[in-house]
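Asker: Sequence isn't available, so here's the structure alone:
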């Protein structure tokens, strides 16, 4: 058992989760807490979400304080590593979920909706067996997590392209199914109800609609992914999650309506 007054004991008491921190060792207790929080991962439970954020914020800011003191009072010739140098993968994961560290504080960089959109996208991709888009998205997120920005970017365009192609293939058949690529994307504005809505300026024959531009933004330097940095790659990933979650919701409603 952890010694009385340890960080874990104080942490558990602070957040009132003594009954959740069950186990015969420190690691067992931590695992129990994680299971409690993750069990509600896909539920609309604001209390759990707020608790999770507060706990993560507490842990990260405690570590930031330790690192800052280490840097200030270090007697070594070389300064100790900064937080982003010690935990590069964690920084990438935080960015992906819409968080940033500023002035030694964890803050929301984007609306919390980003993480919700990602869960929704994965749920609907699996529901309709969109395996090729799912594979591209998995690779994009894996590369982003490991700071391989260009590789992440290179998977986002084929994710969107294959997703829209496969959506059209499930809606249309025979001679109504257009060739893959631009013709299929355009056809998603013609079904009833449409997946891409022209009246909302989402699609235009002159290429100036929102999703026309959305697709072009994923490859501004041509068909190759090109070089990138964390800011641009994170922006592209969030843009894709937000955009395709909207399309997947409409597609899901279309399929439910046509099969009733």
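Answerer: Here it is on my side, so go on. Everything quoted here is computed from the prediction, not taken from an experiment.
Asker: List the buried residues for the lowest-mean-pLDDT helix or strand in the chain?
Answerer: In the chain, the helix or strand scored least confidently by mean pLDDT, DSSP states H and E is strand 105-108, which has a mean of 77. Using 16 or more other Cβ atoms under 10 Å as the burial criterion, the residues of strand 105-108 that qualify are residue 106. C-betas here are computed from N, CA, C, even on glycine.
Asker: Tell me the gap between the helix or strand just after it and the middle of its chain.
Answerer: As assigned by DSSP states H and E, the chain's next helix or strand after strand 105-108 is helix 113-127. When C-alpha coordinates are averaged (Cα atoms, centre = their mean, to the nearest Å), helix 113-127 and its chain have centres 9 Å apart.
Asker: now for helix 113-127, which elements pack on it?
Answerer: Counting contacts by 3 or more Cβ pairs under 8 Å, 6 or more residues apart in numbering; DSSP states H and E, helix 113-127 packs against helix 131-145, helix 230-259.
Asker: quick check: angle from it to helix 230-259?
Answerer: For helix 113-127 against helix 230-259, the angle by axes from the mean of the first three to the mean of the last three Cα atoms, to 10 degrees is 50 degrees.
Asker: Check the helices and strands packed on helix 113-127 for me: which has the lowest mean pLDDT.
Answerer: Here the lowest mean pLDDT among those goes to helix 230-259, at a mean of 89.
Asker: For it, what is the distance to the chain centroid?
Answerer: The chain centroid and the centroid of helix 230-259 are separated by 12 Å under Cα atoms, centre = their mean.
Asker: any weak-confidence spans in the stretch 1-150 of the chain?
Answerer: For the stretch 1-150 of the chain, the stretches with pLDDT under 70 are 1-5, 40-46, 74-80, 109-116.
Asker: in it, which spans are strands?
Answerer: For the stretch 1-150 of the chain, the strands defined by DSSP state E, counting those that start in this stretch cover 99-102, 105-108.
Asker: Could I get the buried residue list for the first one?
Answerer: What it means is strand 99-102. By neighbour count with 16+ other Cβ under 10 Å, strand 99-102 contains the buried residues 99, 101.
Asker: Sounds good, over and out.
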